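[1] no letters, just coordinates:
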């Protein structure tokens, strides 16, 4: 409760939360509001925003931009959240094991982590997605695979610090199993930085998905903000709204998540509570 | 009078446990005398000292009274004038010299910078003055020291450097905030002697903050006892120590452990733990750097009998904690055996060790890190028994009973560790260890983080529990006074080796090694309180 109050008392965090909630609401409501789906052609191409019945204009194929943006939110958020969950899962597991056991296990796991970190991650992602065939699942798996090292590093650092604490030694002398010590004793204490990293990571995953879709490596059967920009780049100079509006959506979403991450960081850090 | 505090009031920020950190404190410090403020944590003794220096933490403000320094009210001085006074008129030294020194600047640079901040002199001259100061502080090899970095110095050397920096501008008042609390007892004795010698030589005044009545007896001319932000009693040291007027002062002095009450050795009982030739080395360096082994514990043997307390005494780096952690297998010893009830647990694999683990339990030093902050006390207490298959309801019932045994309300079960004081947390830590019905209890500095009155209560509780449960207790401490109070036998360690061991009474009355004699002589207030 105290944490929630500390979080909500920050204007930045509250702004982020409200914006993000609004985007989630639109994404959830899209099929109810626009039953015809994002691919239906509703009129002449490249009508400007404000044309009769078209709040955000139409794109190069005469599809309703507003519908596209609402459905695009579904895909962008889904990819962002699912790939972050995957990355956090892998990262927490490897980081926790490396940090808790240390020594040889740590050396080994950290070399693997570095292997993923030194490869240009976007190139690796493109190769992965192309190899797995572009689809929603391959996008999510690919982004999770390039994002987990960041989580693993943070979790390892926390575990290295926490495993020296006396309550962990006490748990060992009590005869608790390693798995219980790692997940029930240490992990809850390492949650704050994990939460902060994850909220930021959702934003960067959305950006990465947009970049992939822009390059045509997204799921061809789904419309996302990135693929909307990619599909409209030929009309960029004659119909600004076709690229600017989805770009704005990406920016606002990532910004909202960054605000939330910032607010979490301040609220979870006791010394930051001013 | 050099300094006169009159009805000083310092307010804490809203939401603190009390409105005033310091309420109506009046205190005089004459020229050429050492005044001690003694009190437990939260007594307001440090805040008083920082108020004189004008260095209160954010949110803490003086709201009334006056601080007269040589007739001038420091509270009414503009900030610039006050800043010029710091270092020149009033200087301060702190508990942790490592935190007060800049880790990336050589000692010579730090001391000379302090001088040059107030006096326009060339750097070479400032460096020479710095060297002179350091040698006055009893430091050897000054030329090498000026080029050294803080981490290369010992704790005692660092504190001497801090004192040199504080004295570099010949201040008239030196404020010392627990300057020896983080030091080993022999180093503490040297630093106290140094402060006293310098004070007499320079005829300056010293305000010395401490929690230890032994230190007071060693160094003070006059003493003020503080509690809850008020001065309860003040006067010449002989009067306050010899005939304390306030009941709290009497309680504080009575709580100082004394060697007079050393426990008699127990009649020969059955050995429960037998350690032979135990060694533990730590490896420094890694894959590409040269490896160096440091022997933390070097061929140590001991016997622990059922129902007795064996004290392991030593200064920091003596290997006493490493030894304890090898016995309980938090660390794996390199050599030697730990025979527990006939089985060698030093070499045992995890599976074989598990049933024996519950019979050796440990109480830790730091009451703030030894309890998981994210779990309720009830969960902390029942985690052990549950891991050995005890049913949840039965474990909770026993946990409630155990809390009562250690003097806490069973309602504590539903609360978190941060809701308790340091002494209460140590009681919870003890309850956690006892939940597994151990035969051996290892107590690693269990009272060194506690105030002296709380310390006495926890020591009594430990002794009571030992007797009731017929425990064998391995008691690790750096404090000879504490060891004398609770141990039947003691073992003195230095640099990983056993220097001396025997019944407590004999070791204290007739120590056979020079090191033990030095340790005993360094006890603050030795023979005076």
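    Received the coordinates, thanks. Being a predicted model, the structure only gives us computed values, none of them experimental.
[2] in contact with residue B:59, which residues?
    By C-beta atoms under 8 Å, 6 or more residues apart in numbering or on different chains, residue B:59 lies in contact with B:12-13. Where you see a C-beta, it was placed from the backbone N, CA and C, and this is true even at glycine.
[3] cutoff 10 Å now
    A:274, B:11-16 (C-beta atoms under 10 Å, 6 or more residues apart in numbering or on different chains).
[4] quick check: the two most widely separated of those?
    A:274 and B:11 (18.3 Å; C-beta to C-beta).
[5] look at the two and report which has more neighbours.
    residue B:11 (19 against 8; other C-beta atoms under 10 Å in any protein chain shown).
[6] look up how far residue B:478 lies from the more buried one.
    37 Å (C-beta to C-beta, to the nearest Å).
[7] the residue nearest to residue B:53 when sequence neighbours are not counted: neighbour count?
    Residue nearest to residue B:53 in three dimensions, not counting chain neighbours: residue B:92, with 5.5 Å by C-beta to C-beta, 6 or more residues apart in numbering or on different chains. Look at residue B:92: counted by other C-beta under 10 Å, it has 22 neighbours.
[8] repeat for residue B:251
    Residue B:251 is flanked by 13 other residues according to other C-beta under 10 Å.
[9] please identify which helix or strand holds it.
    Element membership for residue B:251 (DSSP states H and E) is helix B:247-255.
[10] for that helix, the distance to its chain's centre please.
    Going by C-alpha atoms, centre = their mean, to the nearest Å, the spacing between the C-alpha centre of helix B:247-255 and its chain's C-alpha centre is 19 Å.
[11] swap in stretch B:512-519?
    The answer for stretch B:512-519 is 21 Å, by C-alpha atoms, centre = their mean.
[12] same question for it, mean pLDDT?
    Average pLDDT, stretch B:512-519: 93.
[13] buried stuff in it?
    B:515-516, B:519 (16 or more other C-beta atoms under 10 Å in any protein chain shown).
[14] what about those residues, which are in helices?
    Residues of the buried residues of stretch B:512-519 located in helices (DSSP state H): B:515-516, B:519.
[15] of the residues you listed, just say which sits nearest to residue A:36.
    Among those, and counting by C-beta to C-beta, the member closest to residue A:36 is residue B:519, at 87.6 Å.
[16] what residue, apart from its backbone neighbours, is nearest the closest one spatially?
    Leaving aside its chain neighbours, residue B:519 sits nearest to residue B:480 (5.8 Å; criterion: C-beta to C-beta, 6+ apart).
[17] and the gap between that neighbour and residue A:103?
    Taking C-beta to C-beta, one finds residue B:480 at 37 Å from residue A:103.
[18] which of those two has more neighbours?
    Ranked by neighbour count (other C-beta under 10 Å), residue B:480 and residue A:103 place residue B:480 first, with 24 against 8.
[19] check what pLDDT that one gets.
    Looking at residue B:480, its pLDDT is 88.
[20] what does residue A:271 give?
    pLDDT recorded at residue A:271 is 48.
[21] mind listing what the residue nearest to residue B:53 touches?
    B:49-50, B:52-53, B:55, B:86, B:100, B:162, B:166, B:171, B:173-177, B:179, B:207.
[22] in a strand, it, correct?
    Yes. Under DSSP: H, G, I helix; E, B strand; the rest coil, residue B:92 falls within a strand.
[23] pLDDT wise, what is it at?
    So, for residue B:92, pLDDT stands at 92.
[24] find the closest residue to chain B in the stretch 1-150 of chain A.
    residue A:107 (8.5 Å; C-beta to the nearest C-beta).
[25] okay, that residue and residue B:43: tell me how far apart.
    According to C-beta to C-beta, residue A:107 stands 49 Å off from residue B:43.
[26] now the helices for the stretch 151-274 of chain A?
    For the stretch 151-274 of chain A, helices defined by DSSP state H, counting those that start in this stretch occupy the ranges A:166-173, A:178-180, A:187-214, A:225-231, A:241-268.
[27] show me the shaky parts of the stretch 1-150 of chain A.
    Scanning the stretch 1-150 of chain A with the threshold set as pLDDT under 70 gives A:1.
[28] just checking, what packs against the helix or strand where residue A:22 lies?
    Per DSSP H and E: residue A:22 is located in helix A:11-33. In terms of contacts (3 or more C-beta pairs under 10 Å, 6 or more residues apart in numbering or on different chains; DSSP states H and E), helix A:11-33 is packed against helix A:2-8, helix A:65-101, helix A:187-214, helix A:241-268.
[29] now the angle from that helix to helix A:241-268?
    Counting by axes from the mean of the first three to the mean of the last three C-alpha atoms, to 10 degrees, helix A:11-33 lies at 130 degrees to helix A:241-268.
[30] please state the offset of helix A:11-33 from the chain centre?
    Relative to the centre of its chain, helix A:11-33 is centred 15 Å away, using C-alpha atoms, centre = their mean.
[31] can you say which of the helices of the stretch 151-274 of chain A is packed in most?
    Of the helices of the stretch 151-274 of chain A, the one with the most neighbours on average (mean count of other C-beta atoms under 10 Å in any protein chain shown) is helix A:225-231, at a mean of 25.
[32] what comes into contact with the helix holding residue A:22?
    A:6-8, A:10, A:37-38, A:66-78, A:81, A:199, A:202-203, A:249, A:252-253, A:255-267.
[33] quick one: buried residues of that helix?
    Under 16+ other C-beta under 10 Å, the buried positions of helix A:11-33 are A:13, A:16-17, A:19-20, A:23-24, A:26-27, A:30.
[34] between those, which sits nearest residue B:276?
    residue A:13 (60.4 Å).
[35] residue A:258 versus the closest one, what's the distance?
    11 Å.
[36] likewise for residue B:476?
    49 Å.
[37] and for residue B:139?
    Distance of residue B:139 to residue A:258, given as C-beta to C-beta: 52 Å.
[38] same thing with residue B:316?
    With distances taken as C-beta to C-beta, residue B:316 is found 45 Å from residue A:258.
[39] tell me how many other residues surround residue B:332.
    Residue B:332 has 10 nearby residues by other C-beta under 10 Å.
[40] got it, and the one 5 residues further on?
    Each residue near residue B:337 was counted by other C-beta under 10 Å, and the total is 17.
[41] would it be right to say that it lies in a helix?
    No. Applying three-state DSSP, one finds residue B:337 to be strand, outside a helix.
[42] check what pLDDT it gets.
    94.
[43] report the beta-bridge partners for it.
    Under DSSP bridges, the beta-bridge partners of residue B:337 are residue B:276.
[44] pretty sure it is touching residue B:277, no?
    Yes. Assessed by C-beta atoms under 10 Å, residue B:337 is found in contact with residue B:277 at 7.1 Å.
[45] what touches both of these two?
    What both residue B:337 and residue B:277 touch, as defined by C-beta under 10 Å, 6+ apart, is the set residue B:301.
[46] the helix or strand hosting residue B:63 pairs with which strands, parallel or anti?
    Per DSSP H and E, residue B:63 falls inside strand B:61-69. Under the criterion DSSP bridges, strand B:61-69 sits next to strand B:3-11 (antiparallel), strand B:72-73 (antiparallel) in its sheet.
[47] count of neighbours near whatever residue of the stretch 101-250 of chain B ends up closest to chain A?
    The nearest approach of the stretch 101-250 of chain B to chain A comes at residue B:182, 18.6 Å away (C-beta to the nearest C-beta). The number of residues packed near residue B:182 is 18, by other C-beta under 10 Å.
[48] ok, residue A:171 touching residue A:180?
    Yes. Look at residue A:171 against residue A:180 with C-beta under 10 Å: they come within range, at 7.6 Å.
[49] pull up the overlap in contacts between these two.
    Jointly contacting residue A:171 and residue A:180 under the rule C-beta under 10 Å, 6+ apart are A:186, B:383, B:387.
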